[in-house]
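Asker: quick one: sequence and predicted model below, then my questions.
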Amino acid sequence: MSLILNAGPQLVIGHRGAAAMRPENTLPGFRHAIELGVDAVEFDVRVTGDGVAVVHHDASTLRTCGEDVLIDRASIGTLRRLDAAANFTGDFRPARRTPIPLLDEVLDLTRGVSVIIECKTLDAAPLVLEALAAHDASHRALVGSFLHGAMRIVRAADVASGASRRDVLTLLARGYVRWAPRRLPYNALCIPEISSGVTLPIARFAAWGRAIGVPVHVWTVNSAADAVRLWDMGVTGVMSDDPETILEARETHRAY
């Protein structure tokens, strides 16, 4: 079983690769996170206007590439000509243009590494499943989405799934009445500490998850103190833009 599906260990998960250290959702970012020794990487998938699965968070390329192109209306040729590192403000300076990666490229690069894949649109879900099968990667993947319809597609394929927004709201309602679930329809819970202005009961969710074998992974955690606090609550994994800092915090924490 993949580490990300185990409710026990304290995991460090590279958020969009290593977004504070390398351009987010790019091959250099994923490569750097893996070299640092993360337990898993997390990334986002969208579908181009001509039906190709690419790794990118926003619907538009403006924030990352500096040009306002809508992913779902553009051809893969148009998108691949953009530079996904154009607006990166960190110290890293790539020697050449950094294209928006194909899902296939990321799955190939991350061979042997657990992945958390966020489907940003409903049509991304079947393409993610196809790519996981083609790369023999289903066993190391957790596929999530805010969209419940996307999660229905993933669960029907018997691939490990995260919780949709509707799933989280259902669990939150249980949290208010302290009604612990005996089972859950998903394999892991990937959540922020605060969602739409509501502070989630992370410690309670983590305790419930440990009791039934469903890990809780929290995003986005960029300070050592927050990572340690969450692990001490019983959270399994923290997703971080700065995995180097969080890996160091884990080593120090384990030493005491």
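Answerer: Sure, I can see it.
Asker: quick one: residue 206 and residue 124, what's the gap?
Answerer: 28 Å (Cβ to Cβ, to the nearest Å). C-beta: built from backbone N, CA, C; applies to glycine.
Asker: what pairs with the most centrally placed residue in the chain across the strands?
Answerer: What sits nearest the mean C-alpha location of the chain, by Cα atoms, centre = their mean, is residue 42, with 3.0 Å. Note on residue 42: beta-bridge partners by DSSP bridges are residue 15, residue 116.
Asker: now do the buried residues in stretch 198-208.
Answerer: By 16 or more other Cβ atoms under 10 Å, the buried positions in stretch 198-208 come out as 200-202, 204-206, 208.
Asker: let's see the pLDDT reported for the residue nearest to the centre of the chain.
Answerer: Residue 42 is assigned a predicted lDDT (pLDDT) of 98.
Asker: residue 101 too?
Answerer: pLDDT recorded at residue 101 is 98.
Asker: any figure for the gap between the spatially closest residue to it that is not a sequence neighbour and residue 7?
Answerer: In this structure, residue 101 finds its nearest non-sequential neighbour in residue 55, 4.8 Å apart by Cβ to Cβ, 6 or more residues apart in numbering. Residue 55 sits 27 Å away from residue 7 when distances are taken as Cβ to Cβ.
Asker: how about residue 133?
Answerer: The span separating residue 133 from residue 7 equals 26 Å under the rule Cβ to Cβ.
Asker: neighbour count for these two, which is higher?
Answerer: Taking neighbours as other Cβ atoms under 10 Å, residue 133 and residue 7 compare with residue 7 leading, 19 against 12.
Asker: just say helix, strand or coil for the more buried one.
Answerer: coil (DSSP: H, G, I helix; E, B strand; the rest coil).
Asker: do I have it right that it meets residue 215?
Answerer: Yes. Using Cβ atoms under 8 Å, residue 7 is in contact with residue 215, at 4.3 Å.
Asker: now do the shared contacts for these two.
Answerer: 209, 236 (Cβ atoms under 8 Å, 6 or more residues apart in numbering).
Asker: quick check: buried residues in stretch 184-193?
Answerer: For stretch 184-193, using 16+ other Cβ under 10 Å, the buried residues are 184, 186-191, 193.
Asker: need the max-distance pair from those residues.
Answerer: 187 and 193 (20.9 Å; Cβ to Cβ).
Asker: where along the stretch 101-250 of the chain do the helices fall?
Answerer: Under the criterion DSSP state H, counting those that start in this stretch, helices of the stretch 101-250 of the chain are mapped to 103-109, 124-134, 148-156, 165-177, 202-212, 224-233, 243-255.
Asker: quick one: closest of these to residue 20.
Answerer: Here helix 243-255 is closest among those (Cβ to Cβ), at 8.6 Å.
Asker: let me see the mean pLDDT of that closest one.
Answerer: 91.
Asker: let's see it as CSV, backbone CA atoms only.
Answerer: What follows is helix 243-255 as a C-alpha-only set of coordinates in CSV (Å, rounded to 0.1, in the frame of the first residue of the first chain):
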residue,chain,number,x,y,z
PRO,A,243,9.5,20.7,1.6
GLU,A,244,13.2,21.2,2.6
THR,A,245,12.2,23.2,5.7
ILE,A,246,9.5,20.6,6.6
LEU,A,247,11.8,17.6,6.1
GLU,A,248,14.3,19.2,8.4
ALA,A,249,11.6,19.9,11.0
ARG,A,250,10.6,16.2,10.8
GLU,A,251,14.1,15.1,11.5
THR,A,252,14.4,17.4,14.5
HIS,A,253,11.0,16.4,15.8
ARG,A,254,11.8,12.7,15.5
ALA,A,255,15.1,13.2,17.4
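Asker: who does that helix touch, helix- and strand-wise?
Answerer: Here helix 243-255 touches strand 11-15, helix 27-36, helix 224-233, going by 3 or more Cβ pairs under 8 Å, 6 or more residues apart in numbering; DSSP states H and E.
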